[in-house]
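Novice: Here is my input; please provide its structure:
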Amino acid sequence: MLKILRRISLTQWILIAMAVGVVIGWLAPEFSQSLRVVSKTFLRMIKLIIVPLLFSTLVVGSPATVTTSGGGRLALRSVIYFEIVTTLALAIGLVAVNLSRPGTGSRSPPRRFRDRTWPGRCRPSKDAGTHRPAELFRGGFGK
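Specialist: Numbering: from 1, shown residues only. Model prediction:
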C-alpha cells in the first residue's frame, strides 16, 4: 500500500486534495468551515513557495539566455509575451468582476465593528497560527 502511495506525484496529490475539499464543502458545509485553518495555511504555504521560485528562476535564467547568441531577441519576446498575457489576465478579471458584481446585496457590519482594529499585531485565535510560517520566511523578500 505504501509503495502505491509513493508513486503518486505531487501534482496528483494536490488534485486529489482539491477534489476532496470540494466534496467535503459540498456534502458537509458546516464541517468544512471548521477546516478553514487548514485551507488558509495551505494557501499561505503556496504563496511562501512562489516568491523564492520566481526570484530564483529570474536570477538563474536571465544571464543564461543573454549569453547565448539569440538572447536579446528571446528577452524581447519574453517581455512582449509577459505584457500581452498580463493585460489579457487583467481584462478577464475585470470582465468577470463587472459581470458577477461580487458583494452586491451584502450588508456591511455596523460602524462600531467596522472601525475596530486589533491592537498591535494581535489576531483572532482561529487565524493566529496560519500567518506565522509565511511571515518568518518572507522576511527577506519584503511584504
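
Novice: What mean pLDDT does the biggest helix by length in the chain get?
Specialist: The longest helix of the chain (DSSP state H) is helix 36-67. The average of the pLDDT scores along helix 36-67 is 78.

Novice: Buried residues, it. List them.
Specialist: By neighbour count on 16 or more other CB atoms under 10 Å, the buried set for helix 36-67 is T41, R44, L48. C-betas here are computed from N, CA, C, even on glycine.

Novice: what's the closest of the residues you listed to G103?
Specialist: Of all these, G103 sits closest to R44, with 23.5 Å by CB to CB.

Novice: Tell me how far the closest one lies from V38.
Specialist: Between R44 and V38 the distance is 11 Å, computed by CB to CB, to the nearest Å.

Novice: which residues of this structure score low on pLDDT?
Specialist: Applying pLDDT under 70 to the chain picks out residues 62-72, 108-143.

Novice: how about 50 then?
Specialist: Applying pLDDT under 50 to the chain flags the ranges 140.

Novice: mind listing the helices in it by residue range?
Specialist: Taking DSSP H as the criterion, the chain carries its helices at 2-7, 10-27, 29-34, 36-67, 71-100, 111-114, 128-138.

Novice: send the alpha carbons of the first one over as PDB?
Specialist: Spelled out, it's helix 2-7. Extracted C-alpha coordinates of helix 2-7, given in PDB (Å, rounded to 0.1, in the frame of the first residue of the first chain):
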ATOM      1  CA  LEU A   2       2.800   2.400   0.900                       C
ATOM      2  CA  LYS A   3       4.500   1.700  -2.400                       C
ATOM      3  CA  ILE A   4       1.400   2.700  -4.300                       C
ATOM      4  CA  LEU A   5       1.100   5.900  -2.300                       C
ATOM      5  CA  ARG A   6       4.700   6.800  -3.100                       C
ATOM      6  CA  ARG A   7       4.100   6.500  -6.800                       C
END
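
Novice: Backbone dihedrals for S9, both of them.
Specialist: When read as degrees, to the nearest 10, the backbone of S9 gives phi -80, psi 170.

Novice: Walk me through the domains of the protein.
Specialist: With domains defined by automatic domain parsing, the chain comprises 9-67, 68-98.
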